[in-house]
Structure formats: structure tokens, C-alpha cells
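Colleague: Predicted model and sequence below, questions to follow.
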Amino acid sequence: MIALAAALLISTNAPAAEVVANCRSMIPTDVELKGRIVLRSRKGIVQAEYGYDLVRKSGATDLKLTKDDKDVEFEKSGQILGTDVTWSDLTLDYLWWDDVSFDAEREGETVHGQVCTVIVMKKGDRQVRVWVDRKTGALMQAEEMKDGKAVRRLWGTRLKKFGERWMANVMEVETIGSGHRTKITVEELKVEETK
């Protein structure tokens, strides 16, 4: 998830891979998240709602979804159960892709008033553009791209402090032009700190 914690000021001269590595270092390696995934129409009408438990431990991630307290089966590829959310949105796996470069045309754009470094990440035919806050190194927004155009967008809308860690506890994901969006809330966060 999008973690906001104290980090070194991002140098405008830092290589793209270093900016991404700093952003990645803010995400706990061993973590358990619990919350809700809510699909809503543009008018805010709830169309589907799921509970989730996401556990990341020793590099492996497990996700369990529930509806009405019953486990729900889902595919890890594509959008999850008709929502706008994908496995990549929940795991931020693109932050570990090797092919990273600056998006010079978008450099210095702001998200929620924060000046960002904009980076494009590629893996095979997949491409994601991310906005990283220059002050904190935090991931502010991400867009999945296809044929050079944004097809899905993820951004944080609210922050909360869990213990000593600041994190976006409400995120929105939108499939561009779909007429709906999905809200991801983080209700519980447990981090196993490495010693």
C-alpha cells in the first residue's frame, strides 16, 4: 500500500532507479493489512463490497477476500471480481520492475499539492507511470498505461498513522471511462519490523 513515512529529500539529480528504491523502502516487507474494497458508481451508489486480508511475509503475498463473512474465490490476473482493483494495486509489484525511467514531460507535476518526480516502469508489454513525492519519497499516484494512454488510475485520498507509520488508509482506483470507481480502505495494519 502507499506508505508515507519520514524519508530523505529526493534529489532532482537522483537516477530513476534510486527514486524507486527509496519509495520501495518505505513499504514494509512483512505486513498484514485488513480492510474493505468497495465498488461504487460515479454517484456513490455501492455496487459491491468485499473485506480483505492481505499478508506479505518473506517476499510472498497472500490475499483473502470475503463477502458476508464467506471466502470468495478470485483470479489474480486482471481486475478482481469486477472492481477496478488489480493484484498490482494491492501489492504494488511494479515498484520491483527493473525497467524504470523518468517521464521528462511530466516532471514536477503535483498530486495533492506535492511536487512529484514522475517515473515510467515497464515489464514486458505492461507499463505503469508513478508520481513520487519529492519531499518524502512516497508514492502519490499510479497509472496503468496501454498504447501510451492511461487506462486505470490509483491515488491516496486520506492518511492515517498506524503506530509510527503514516500510510494512505483510503485509496481510490478508477478504470478510465468506466463510470465507476473502487475505494480501498485500510482498517488495520500490523508491521513486523526487521531487527
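Modeller: Good, I have the coordinates.

Colleague: going forward, measure contacts between C-alpha atoms and count neighbours the same way
Modeller: Noted.

Colleague: tell me the strands in this structure, going along the chain?
Modeller: With strands called from DSSP state E, the chain shows them at 3-4, 31-41, 46-57, 60-67, 70-72, 99-102, 110-111, 114-123, 126-133, 139-146, 149-162, 165-175, 180-191.

Colleague: Give the buried residues for the second one.
Modeller: Taking 16 or more other CA atoms under 10 Å as the neighbour-count basis, strand 31-41 is seen to contain the buried residues 31-40.

Colleague: Show me which of the residues you listed has the smallest pLDDT value.
Modeller: pLDDT across the buried residues of strand 31-41 is at its lowest for residue 31, which sits at 88.

Colleague: what would the strands of the chain look like in JSON lines with distance to residue 21?
Modeller: Output for the strands of the chain, formatted as JSON lines (distance: least, CA to CA, whole Å):
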{"stretch": "strand 3-4", "distance to residue 21": "13"}
{"stretch": "strand 31-41", "distance to residue 21": "18"}
{"stretch": "strand 46-57", "distance to residue 21": "18"}
{"stretch": "strand 60-67", "distance to residue 21": "19"}
{"stretch": "strand 70-72", "distance to residue 21": "34"}
{"stretch": "strand 99-102", "distance to residue 21": "11"}
{"stretch": "strand 110-111", "distance to residue 21": "20"}
{"stretch": "strand 114-123", "distance to residue 21": "12"}
{"stretch": "strand 126-133", "distance to residue 21": "11"}
{"stretch": "strand 139-146", "distance to residue 21": "11"}
{"stretch": "strand 149-162", "distance to residue 21": "19"}
{"stretch": "strand 165-175", "distance to residue 21": "18"}
{"stretch": "strand 180-191", "distance to residue 21": "19"}
